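Student: Sequence first, then the predicted structure:
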Amino acid sequence: MSVLFELKNVVKGFVKGKEKISIFEDLNMTIEEGDFVAIMGPSGSGKTTLLNMLGGVDQPTGGEVWFDGERIDSLSEGNLAKWRANNVGFIFQFYNLMPMLNAARNVELPLLLTKLSGKQRKKNVETALTLVELADRAKHMPSEMSGGQQQRVAIARAIVSDPKLLLCDEPTGDLDRATADEILRMLQLLNQKFNKTIVMVTHDPAAAKYAKRTIHLDKGEFVEEELVA
Amino acid sequence: MKDLFLVFKNLTRKPLRLFLTMFATFVAFLIYGTLTTFEDAIDAGVELSADDRLVVVNKINFTQPLPISYVNRVEALSNITGVTHLNWFGGYYQDPQQQVITFAADPESFLTVYNELLLSDEERTAWLQNRQGLIVGEALADQYGWKVGDRIPLNSNIFSQADGSSAWEFDVVGVFTGTDEQANTAATYFHYDYFNETQTFGRDYIGFMGVRTSDPQLNEQVIKSIDDMFANTPFETETVPEKTFNKAFIEQIGNLSLILGAVVFAAFFIILVIVGNSMVLAVRERTGEIGVLKTLGFRSERIFVMVLAESLLLAIASGALGLFVTSLVVNILNSIPQLPVMVLSTDIILQAFGIMVLLGLITGIIPAVNALRLNIITALSRQ
Amino acid sequence: MFGLFSQIGTVIVMNIRSLPQRLWMSLAAVLAVSVVVAVLLSFLSMSNGFASTLDGTGSDSVAIVTRSGSQSELNSVISRDSVNIVSTAPGIATTTDGQPFYSAELYVVVDGIKKSSGTEVNIPMRGISRTGFELRDKVEIVEGRVFEPGTNELIVGQGVLGQFDGFDLGQEVTFGKTRWSVVGVFSTGGSAFESELWADARMVQDLFNRGNSFQTMRIRLAEPGNVDGIREMIENDPRLILDVDTESDYFATQGEALQGIVFFGWGISIVMGLGALAGALNTMYTSVASRSAEIATLRAIGFSNLSAFFGTLSESILLSLVGGVVGALVSYLFMDGLTTATMGPGFTQVVFTFELSPALFQNGIMLALLIGLVGGFFPAWRAARLPVITAFQKAT
């Protein structure tokens, strides 16, 4: 398996008021293609910052972030947006669906960044919605759906342009246990059957169990890494 | 008012929005202040007219002349303390565009009937003695830099001298001021005799008469005796109180107060909508906080008052600023001689503060009621 | 480029679809802009109507001769002798019976009662002859008949009937000692002449003690626009202290009298526009704030910040345009065609009608656009700079 992500000597800090807060002082890690990594840790441990850096949403203060042989920490805003459009699917804790668009339109959004024809886009949206078992809800508005259903629409939106990488920020944080399991099984399926690389930030140990491995972060350092059998 | 600190903090939490809302309110009061002051200045001509003064004009129209013999006949009537006559000269200085309000007058009776014009004793004597003497209002003297001792030409766009020239030479012998700040001093007066002897047509005719009655109560009676005296002559007269005459003169232009009033109304309507909305929004955003305050034991009425105080503070602060800038604008406008003298009066200021309070209450009432009715549980769950 | 346009398109559609969520705030912005535009267009249509009334009064094929420096017909005097001399000038058209085609006229002021205020106002009365009718292109008797020369009969312009009391057809009017009867109503195609009373020139001379003098002389030109022959004669004859101009030039300068209204209208609208701009900025900043999670999510998906910028800017422009159109319509419905009278440059009432032309309409829309553009630009800038991380935070 080839290396998808490589973080070399990443430094990250920010200034809050008069104080300088350091999150990562020298972070090194690799994520291989097809991996499913759960990142856990107490709040303030830097797990969301790490996810944001992987997604090109936040930039490290120092060090290098390599993705598939390309250095992304030095890309411009515009190029980062293009890079995200091509390679990353995001799944958020609060789904972040557009309230005025129906499910299908929400899923279609990333495809508007491609050159696909309207017909082709429609087909891809159908495929993605079928995959998350919501083909029959295509015309529903987000407000007409449950949290679990909304998150499934968000997953469909994340995978519709077939990115290599899925980044999930507390994807089950707002859901009940049963629904959470349903979502996590779906992520697992995407990892195993479609070979999506998944990085998931969570504070729920039960959710982490669905991953191939779990990284525990504390004060910007890996304290533990466990592999799930 | 120990909640004032909280009110202030709430008001200033979003500086940009505060600035924009205040600016809109400021603009409305600037418009209100300037236009109302302007309207006031125009009306001053009517307001300052003397109650015991009448204007006698030709019944056909005031641009038609009257014979000079009428003056003596009116003087002979009872209940009259003074009669004078004036002719519109159609004056301009150097350029026909630079019109100068100029009348040919009989100096002695003029200064008696129009005693609100103030001249020093020396100036008065100088004018009476100099046949080519001209008295100039302070505003005009400032505009053209004229001073006592200058010899200046004024042209007429109506009359001409025997040699075909329309220019008359005058000695500036006095600069007059008015008893009232808003009195019109953008005018000049010279000897009727000088005018009558030098101009080529319409000799021995006058434009109109100013008549002072011994008591405003007797106006009606005097009006009747003057108009009856000249009925069925080739020059019938129409006598009206000065106030009526000035008012009708302004009305000829159109309904200015309607136009200005509509503009002011439009300006206030805009800010009512903008500020009202902004307040509703500002309070809605702190639904959660209001919930917290209520949990802490703040009574709903107290929160209601706090929201109203906020909108009142906003309206009064920006309105006062608008009035302040109005006073600056008025100063600038007063340096333009073509405009009437504008004074930002106490009446206008008080009225403006009344509107500020009204505006503050109207824009604050909806969000205040919303806050009053807010239920703690929904407030906290909506956060 | 295709990608960018479709991105922007998507964001615009999404913004507009979400407008109902910000209904009141958006309506406030629309309303503010519409009031500003309505105020502007009302003033502009007022001065436009006035100017076009006076412009329409002047004909290019008629010259007007006045006393030099008189500035208005009212102040002018021309003796019979001067009239006779000028009538021999070159460049004057001839009537069918071979006479020089001119009309010597009087212009005096009488009192009328303005219907709107009930106060006395100055109404112009023109002493005119039959040639004066023929000389003007558009004169038409719409009711009654023309006055008989040598009698105390007069005819009234249509504008006078609408705005002033006391001049109805068949009515008797007293000026000084003489009684006049109104025998006809005339129209001149909406020009300032319709604000006048017309009577026989000789009768007017008698009534107003004018002897044998006139005030203006109207001359039909042999060649439209060409007054050179007459001007040359006037300049070379020391007895003639007169001015000559084509009638259209003469009235065009007088039509500028309400130019002050244009400045006032623009001034007040710009100041009010600043207030509306503050409202628009408020609305758009609120819009960006309420959509920040959506904007950030789109950016996380890979939409460019240009799309966020133009999406917001278009929303603002759309709102202002709607406001501009509404304001223009209001002004059109309530102001266009409104007839009123004001003191014209001749010291007499001029009846005119508010006229909202397409060019003025454009002005209003431009002002609305400007408010939308500036009011949208800064919030759009903020939208474009919104950190993508916002998408990961709890929506507020």
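Tutor: Here it is on my side, so go on. Bear in mind that the values here come from a model prediction, so they are computed numbers and not experimental data. Numbering: from 1, shown residues only, chains lettered A, B, ... in the order given.
Student: Residues of chain A that sit close to chain C?
Tutor: A:48, A:52, A:55, A:57-58, A:77-78, A:81-86, A:88, A:90, A:92-94, A:96, A:98-101, A:109-110, A:112-115, A:157, A:169 (CB under 8 Å from any CB of the partner chain). The C-beta positions use only the backbone N, C-alpha and C, and glycine is treated the same way.
Student: Just checking, which helix or strand of chain C averages the lowest pLDDT?
Tutor: Here the helix or strand of chain C ranked lowest by mean pLDDT, DSSP states H and E is helix C:2-17, holding a mean of 80.
Student: Can you tell me what sits against that one?
Tutor: A:98, A:100-101, A:109, A:112-115, C:287, C:291, C:294, C:298, C:303-304, C:306-308, C:310-312, C:314-315, C:318 (CB atoms under 8 Å, 6 or more residues apart in numbering or on different chains).
Student: In PyMOL, how would I select just the buried ones from these?
Tutor: For the buried members of those, the matching PyMOL selection, counting by 16 or more other CB atoms under 10 Å in any protein chain shown, is:
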select buried, (chain A and resi 98+100+101+109+112+113+114) or (chain C and resi 287+291+294+298+303+304+306+307+308+310+311+312+314+315+318)
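Student: Sort out for me which of the contacts of helix C:2-17 are in helices.
Tutor: If you go by DSSP state H, these have C:287, C:294, C:298, C:306-308, C:310-312, C:314-315, C:318 in helices.
Student: filter those residues by proximity to chain A?
Tutor: Applying CB under 8 Å from any CB to these, those adjacent to chain A are C:294, C:298.
Student: Closest one to chain A out of the ones in helices among the contacts of helix C:2-17, please.
Tutor: Nearest to chain A among the ones in helices among the contacts of helix C:2-17, counting by CB to the nearest CB, is C:E294 at 5.6 Å.
Student: list the contacts for that closest one?
Tutor: A:96, A:98-99, C:14, C:18.
Student: and with 10 Å instead?
Tutor: A:96-101, C:11, C:14-15, C:18, C:308, C:311, C:390-391, C:395 (CB atoms under 10 Å, 6 or more residues apart in numbering or on different chains).
Student: do A:V15 as well
Tutor: Here A:V15 is in contact with A:I21 (CB under 10 Å, 6+ apart).
Student: can you confirm it is in a strand?
Tutor: Yes. Assessed with DSSP: H, G, I helix; E, B strand; the rest coil, A:V15 lies in a strand.
Student: got the buried residues for the strand or helix carrying C:I85?
Tutor: Using DSSP states H and E, C:I85 falls within helix C:80-86. For helix C:80-86, a neighbour-count test (16+ other CB under 10 Å) marks C:82-83, C:85-86 as buried.
Student: Nearest to chain A among the residues you listed?
Tutor: The nearest member of the buried residues of helix C:80-86 to chain A, counting by CB to the nearest CB, is C:V86 at 77.3 Å.
Student: what helix or strand is the one residue in chain A that gets nearest to chain B on?
Tutor: When scored by CB to the nearest CB, chain A has A:F94 as its residue closest to chain B, at 14.4 Å. Using DSSP H and E, A:F94 sits within no helix or strand.
Student: residues contacting it?
Tutor: Neighbouring residues of A:F94 by CB under 10 Å, 6+ apart: A:147, A:150-151, A:154, A:169-170, A:173-174, C:293, C:297, C:391-395.
Student: Please determine how far it is located from C:A391.
Tutor: Between A:F94 and C:A391 the computed distance is 9 Å (CB to CB, to the nearest Å).
Student: can you list residues touching both of those two?
Tutor: Joint contacts of A:F94 and C:A391 (CB under 10 Å, 6+ apart) are A:169, C:293, C:297.
Student: Return the distance of the least confident helix or strand in chain A by mean pLDDT from the chain's centre.
Tutor: Least confident helix or strand, chain A: strand A:221-227 with a mean of 72, by mean pLDDT, DSSP H and E. Centre-to-centre, strand A:221-227 and its host chain are 20 Å apart (CA atoms, centre = their mean, to the nearest Å).
Student: Need the single longest helix in chain A, by residues.
Tutor: Under DSSP H, chain A gives helix A:177-194 as its longest helix.
Student: For the helix or strand following that helix, enumerate its sheet partners and note whether each is parallel or antiparallel.
Tutor: Later in the chain than helix A:177-194, the nearest helix or strand by DSSP H and E is strand A:197-201. Taking DSSP bridges as the criterion, strand A:197-201 sits next to strand A:36-40 (parallel), strand A:165-169 (parallel) in its sheet.
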